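>>> Provided below are the primary sequence and the corresponding predicted coordinates.
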Amino acid sequence: MLNKLGIAGVLGLLFVLAGVALVASENLLIGGGIALVIAGLGLVVFGMVRNLLSALGMGGMV
């Protein structure tokens, strides 16, 4: 998975994790909420990309 992201994707993932950890170190409830929001956004983007690729006839790529 990390090979597909590239260096910018891995760096972005580390920044997201560091940001959530920083918020969670102050307040665990808010940190958990932010983590759930980020996970939800990731699932929404995955679903949109999957539907777009299947509409273009490339549904087997995902």
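In hand now; what should we look at?
>>> Could you point out the longest helix of this protein?
Counting by DSSP state H, the longest helix found in the chain is helix 28-55.
>>> What residues of that helix count as buried?
31, 34, 35 (16 or more other CB atoms under 10 Å). Placement of C-beta: from N, CA and C, glycine included.
>>> residues contacting the first one?
Residue 31 makes contacts with 20, 21, 23, 24, 25, as judged by CB atoms under 8 Å, 6 or more residues apart in numbering.
>>> Go again with 7 Å.
20, 23, 24 (CB atoms under 7 Å, 6 or more residues apart in numbering).
>>> Now it. Nearest residue, chain neighbours left out?
residue 24 (2.6 Å; CB to CB, 6 or more residues apart in numbering).
>>> what's the pLDDT at the one you found?
Looking at residue 24, its pLDDT is 92.
>>> likewise residue 43?
At residue 43, pLDDT is 90.
>>> one step back: by how many degrees do whichever strand or helix holds the residue nearest to residue 31 and helix 28-55 diverge?
Using DSSP states H and E, residue 24 sits in helix 2-26. For helix 2-26 against helix 28-55, the angle by axes from the mean of the first three to the mean of the last three CA atoms, to 10 degrees is 160 degrees.
>>> how far does helix 2-26 sit from the chain's center?
9 Å (CA atoms, centre = their mean, to the nearest Å).
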